[in-house]
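1. My questions are about this predicted structure, shown below with the sequence.
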Amino acid sequence: MVSILDIIGPIMVGPSSSHTAGACRIGLLTRALVGGTPERALIELHGSFARTGEGHGTDKALVGGLLGFRPDDARLRDALDIMEREGLDYRFEKTTLGDEVHPNTVRLTVERGAERAVVVGSSIGAGRIRLSEVDGYPVEVTGNLPAVVLVAVDRTGSVARIAGILAEEGVNLATMRVTRKERGGDAFMVIETDDSPSERAIAAIGALDWVHWVRALPKVAA
Amino acid sequence: MYKALEQAIADAERRGTTLGRLALETEAKDQGRPVAEIREALARALEVMRGAVSHGLTGEMRSASGLVGGDAAKLRDNPAGPLAGTLFHDVLARALAVQEVNAAMGVIVAAPTAGGAGVLPAVLTGLAAARGVGDDALIDALAAAGLIGAVVAERASLSGAEGGCQAETGAAAGMAAGAGVELLGGTPAQAGHAVALTMQGTLGLVCDPLGGLVELPCVFRNATGSAMALAGIEMAMSGIEFVIPVDEVIDVMGQIGREMDVRYRETAGGGLAATPTGRRLARERLVQIRRGAGRGVGGA
């Protein structure tokens, strides 16, 4: 259903919803996967992101997202200067991820302390985004809702246990997707929720001995 | 939200209300939110629109390529043309202002998109300034524009990559025309005719940005799109009716977009982008951006 607020909005830094707002949102989700501003980043631009990204401020928007700026934050314009001032080691490269990959796609390899994440994200139009890969797992993360993402041993009852912890915290699940690299391997879970789960719920999930890591991702859509 | 503008017009006329009020009530029902909350969100959008107009009129904004910026200030400072001193002249300056801010990575409201973001603020704030219309009426008008845009999104497209510029500045002009009629006290039926009379004039408009950047001709398309909207408002409020029903005009815009060659849909493969000068500027200016950025792609 189309909302009039989708039409009269979003409020954003120009010039292009897909090259600027969408790119910023990919940066925001990537930042959340390592729990804060990464100290190092390799930003590989594919397709139209590589071709017209600079003129559209895609580089600034991606870095701004990694710094925690939202798509309507006027500081996006100065994100590269802020990155330099903060002494962050971010590097851009052009790449080709294949013909079947969406033209507005970026691969980010980020590090913060001991945390590391490799993310493939696409800006699919009108500021909407999709992360299609995290650490080699095929995923689908949109940022339309808050989400819990985790990697766990693929064992019977794991999904029910995690759903149970969220339910105890009064968090309603909207969608849930489980993917694996191979049968019997670890499972990557993306659980979208109506409200943001509490830190306590995330900690309780992280305390399960068969959960390797867990992160809360914010809603980044308008 | 409504999927047919004629249905919305019929409902509004039957209930003795406006498209704007009808849009607010329908949105509240659709989203399960109070009308006051939606009005607040639209009030924030209005504030950002006004900010972009005044920011752009300072003439200080420059785009990454350096090709865009400062023209809104020229219109403001050199009222030498036949429209000097008129509402029309003022609206053109406002449209350039917002789109110059957009090209320079300033804050705008994508309404319906970033590439067409200048039209609605130009027409609505321009009319409001000239006629002393208050913010409540402006918020109603934004809601009406949202309803019209929602119908276009549903029946055709709001994306230049899908439908060409007719789907971005063309749709924005249609939205501004319908909303402008309501702002000036016209009837819902007149608003519908204003949308049709405006969009018949933007049918077939291609999306051909130099170098693929939202700069040229986008900035000027927002000004000429605003001019189309003013023409539509003027004709509809004089009682002129467009013979093809508005929903059919919107449908055919979508049809033309689907049949439009991919070169004319934001790919910079045709139109002004593919002229000798268009190609040369794209080549030179993109290199310049690369050098100027220093830390950009390939650097650092």
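-> Structure's in. What do you need? Numbers count the residues shown, from 1 in each chain, chains lettered A, B, ... in the order given.
2. Mind jotting down where the strands sit in the stretch 1-150 of chain B?
-> Here the stretch 1-150 of chain B has its strands, by DSSP state E, counting those that start in this stretch, at B:107-109.
3. Same check on chain A?
-> A:11-13, A:40-47, A:89-95, A:104-112, A:115-125, A:128-134, A:137-141, A:147-152, A:173-180, A:187-193, A:211-217 (DSSP state E).
4. Direction included, what does the fourth one pair up with?
-> When sheet partners are counted by DSSP bridges, strand A:104-112 sits next to strand A:40-47 (antiparallel), strand A:115-125 (antiparallel).
5. Residue B:170 is in contact with residue B:253, correct?
-> Yes - at 6.6 Å, residue B:253 counts as touching residue B:170 under the criterion of Cβ atoms under 8 Å. The way it works is simple: take the backbone N, C-alpha and C, and place the C-beta from them, glycine included.
6. Please identify every residue contacting each of the two.
-> Listed as contacting both residue B:253 and residue B:170 by Cβ atoms under 8 Å, 6 or more residues apart in numbering or on different chains are B:199, B:202-203.
7. can you list these in JSON lines and add distance to residue A:131, secondary structure and neighbour count?
-> Output for the shared contacts of residue B:253 and residue B:170, formatted as JSON lines (distance: Cβ to Cβ, whole Å; DSSP: H, G, I helix; E, B strand; the rest coil; neighbours: other Cβ atoms under 10 Å in any protein chain shown):
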{"residue": "B:199", "distance to residue A:131": "37", "secondary structure": "helix", "neighbour count": "30"}
{"residue": "B:202", "distance to residue A:131": "36", "secondary structure": "coil", "neighbour count": "25"}
{"residue": "B:203", "distance to residue A:131": "38", "secondary structure": "coil", "neighbour count": "15"}
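8. thinking again about what came up before, the strands paired with strand A:104-112: which one's closest to residue B:212?
-> The closest of the strands paired with strand A:104-112 to residue B:212 is strand A:40-47. By Cβ to Cβ, the value is 11.3 Å.
9. Go through that closest one and flag the buried ones.
-> Under the neighbour-count criterion of 16 or more other Cβ atoms under 10 Å in any protein chain shown, strand A:40-47 has A:41-47 buried.
10. Can you tell me which of these is nearest residue B:148?
-> Set against residue B:148, the nearest of these by Cβ to Cβ is residue A:47 (33.0 Å).
11. Any idea what that closest one is bridged to?
-> Counting by DSSP bridges, residue A:47 forms beta bridges with residue A:104.
12. dump the residue contacts of it.
-> A:97, A:101-105.
13. any idea how far chain B is from it?
-> Between residue A:47 and chain B the distance, using Cβ to the nearest Cβ, to the nearest Å, works out to 11 Å.
14. swap in residue A:25?
-> Per Cβ to the nearest Cβ, residue A:25 is found 14 Å from chain B.
15. Tell me the confidence at the residue lying closest to that residue once chain neighbours are set aside?
-> Using Cβ to Cβ, 6 or more residues apart in numbering or on different chains and skipping the chain neighbours, the partner closest in space to residue A:25 is residue A:220 (4.3 Å). pLDDT, residue A:220: 95.
16. What mean pLDDT does stretch B:134-147 get?
-> 98.
17. Tally up the residues packed near residue A:36, please.
-> Burial measure for residue A:36: 12 neighbouring residues, criterion other Cβ atoms under 10 Å in any protein chain shown.
18. try residue A:12
-> Around residue A:12 there are 29 residues (other Cβ under 10 Å).
19. Please list all residues in contact with it.
-> Neighbours of residue A:12 in contact, by Cβ under 8 Å, 6+ apart: A:20-21, A:71-72, A:127, A:222, B:107-110, B:114.
20. what's across from it in the sheet?
-> Beta-bridge pairing for residue A:12 (DSSP bridges): residue B:108.
21. Can you give me the buried ones in stretch A:118-138?
-> Using 16+ other Cβ under 10 Å as the test for burial, stretch A:118-138 gives A:118-134, A:137.
22. Residue B:71 is in contact with residue B:96, isn't it?
-> Yes - counting by Cβ under 8 Å, residue B:71 touches residue B:96, with 5.2 Å between them.
23. Can you check which residues contact both of the two?
-> Common neighbours of residue B:71 and residue B:96, using Cβ under 8 Å, 6+ apart, are residue B:219.
24. Please identify the residues of the stretch 1-150 of chain B in proximity to chain A?
-> B:1, B:23, B:27, B:30-31, B:38, B:41-42, B:44-45, B:48, B:63-65, B:101-115, B:117, B:120, B:142-143, B:145-147, B:149-150 (Cβ under 8 Å from any Cβ of the partner chain).
25. rewinding a little: can you put the strands paired with strand A:104-112 in TSV and add mean pLDDT?
-> Formatted as TSV, the strands paired with strand A:104-112 follow (pLDDT from 0 to 100):
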stretch	mean pLDDT
strand A:40-47	96
strand A:115-125	94
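26. Can you lay out the ones you listed as a markdown table showing distance to residue A:200?
-> Below are these laid out as a markdown table (distance: least, Cβ to Cβ, whole Å):
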| stretch | distance to residue A:200 |
| --- | --- |
| strand A:40-47 | 30 |
| strand A:115-125 | 21 |
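27. wait, which of these is closest to residue B:13?
-> Of the strands paired with strand A:104-112, nearest to residue B:13 by Cβ to Cβ is strand A:115-125, at 35.1 Å.
28. quick one: contacts of the closest one?
-> So strand A:115-125 is contacted by A:17-19, A:22-23, A:25-26, A:29-30, A:33-35, A:49, A:97, A:101-102, A:104-110, A:129-136, B:159, B:161 (Cβ under 8 Å, 6+ apart).
29. Provide the contact partners of the helix or strand bottoming out on mean pLDDT in chain A at residue level.
-> Here the helix or strand of chain A ranked lowest by mean pLDDT, DSSP states H and E is helix A:48-52, holding a mean of 86. With contacts defined as Cβ under 8 Å, 6+ apart, helix A:48-52 is touched by A:19, A:23, A:58, A:94-95, A:103-106, A:123, B:211-213, B:268, B:286, B:297.
30. May I have the residues that are in contact with the residue in chain B that chain A sits nearest to?
-> When scored by Cβ to the nearest Cβ, chain B has residue B:146 as its residue closest to chain A, at 2.8 Å. By Cβ under 8 Å, 6+ apart, residue B:146 lies in contact with A:4-5, A:7-8, B:23, B:27, B:42, B:175.
31. What residue, apart from its backbone neighbours, is nearest it spatially?
-> residue A:4 (2.8 Å).
32. Isn't that neighbour up against residue B:144?
-> No - with contact defined as Cβ under 8 Å, residue A:4 does not count as touching residue B:144 (9.0 Å).
33. Common neighbours of those two, please.
-> Joint contacts of residue A:4 and residue B:144 (Cβ under 8 Å, 6+ apart) are residue B:23.
34. So the two - more neighbours on which side?
-> In terms of neighbours (other Cβ under 10 Å), residue B:144 is the more surrounded of residue A:4 and residue B:144; the figures are 31 against 27.
35. Helices of the stretch 51-200 of chain B, start to end?
-> For the stretch 51-200 of chain B, the helices defined by DSSP state H, counting those that start in this stretch cover B:71-77, B:87-103, B:119-131, B:135-155, B:160-163, B:169-183, B:188-199.
36. among those, which is the most enclosed?
-> Ranked by mean neighbour count, the helices of the stretch 51-200 of chain B are led by helix B:169-183 with a mean of 33 (mean count of other Cβ atoms under 10 Å in any protein chain shown).
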